[in-house]
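Visitor: No letters, just coordinates:
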């Protein structure tokens, strides 16, 4: 079963999305968008770029934890991962995004 994107409005009225892997874990979240169509474009960008290794930017936080960014072909970040305790957990998050995001459906929570 593929993962799921959730499209929602935050407390400030901006549109955002999060990607939940097939195990239900939230892996990736977006920035806020003023327009719904921009958030929908972000979801499509994640689906398009998720399978490509070169689109992932693995990072270590200042406090020694781990996360990643997923970038579009133009280098713009389209989603940032949750924070992981280990590099191995982060790499598993990347793996799950690669396999689950391209075919994921979108739940509209707006």
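Guide: The structure has been received and is ready for your questions. Small disclaimer: the values here were computed from a predicted structure and weren't measured.

Visitor: quick one: the helices in the protein?
Guide: Using DSSP state H, the helices of the chain run over residues 36-49, 87-100.

Visitor: Relative to residue 60, which of the ones you listed is closest?
Guide: Of all these, it is helix 87-100 that lies closest to residue 60, at 7.7 Å by C-beta to C-beta. (Each C-beta comes from the backbone N, C-alpha and C, glycine too.)

Visitor: Give me the mean pLDDT for the closest one.
Guide: On average, the pLDDT along helix 87-100 is 95.

Visitor: quick one: contacts for the residue most central in space within the chain?
Guide: Centroid check for the chain by C-alpha atoms, centre = their mean gives residue 28 as the closest residue, at 2.8 Å. Contacts for residue 28 were tallied using C-beta atoms under 8 Å, 6 or more residues apart in numbering; they are 18-19, 46, 70, 79-82, 93, 97, 101.

Visitor: So what pairs up with it in the strands?
Guide: Assessed by DSSP bridges, residue 28 has beta-bridge partners residue 19, residue 81.

Visitor: One more: residue 70?
Guide: According to DSSP bridges, beta-bridge pairing links residue 70 with residue 56, residue 79.

Visitor: Turn the buried ones among the contacts of residue 28 into a named PyMOL selection, would you?
Guide: Paste this into PyMOL to select the buried members of these, with burial taken from 16 or more other C-beta atoms under 10 Å:
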select buried, resi 18+19+46+70+79+80+81+82+93+97+101
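
Visitor: quick one on the thing from earlier: I'd like the helices of the chain as TSV, with distance to residue 63 appended.
Guide: What follows is those, written out as TSV (distance: least, C-beta to C-beta, whole Å):
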stretch	distance to residue 63
helix 36-49	26
helix 87-100	14
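
Visitor: any idea how far residue 51 lies from residue 20?
Guide: Residue 51 sits 18 Å away from residue 20, going by C-beta to C-beta, to the nearest Å.
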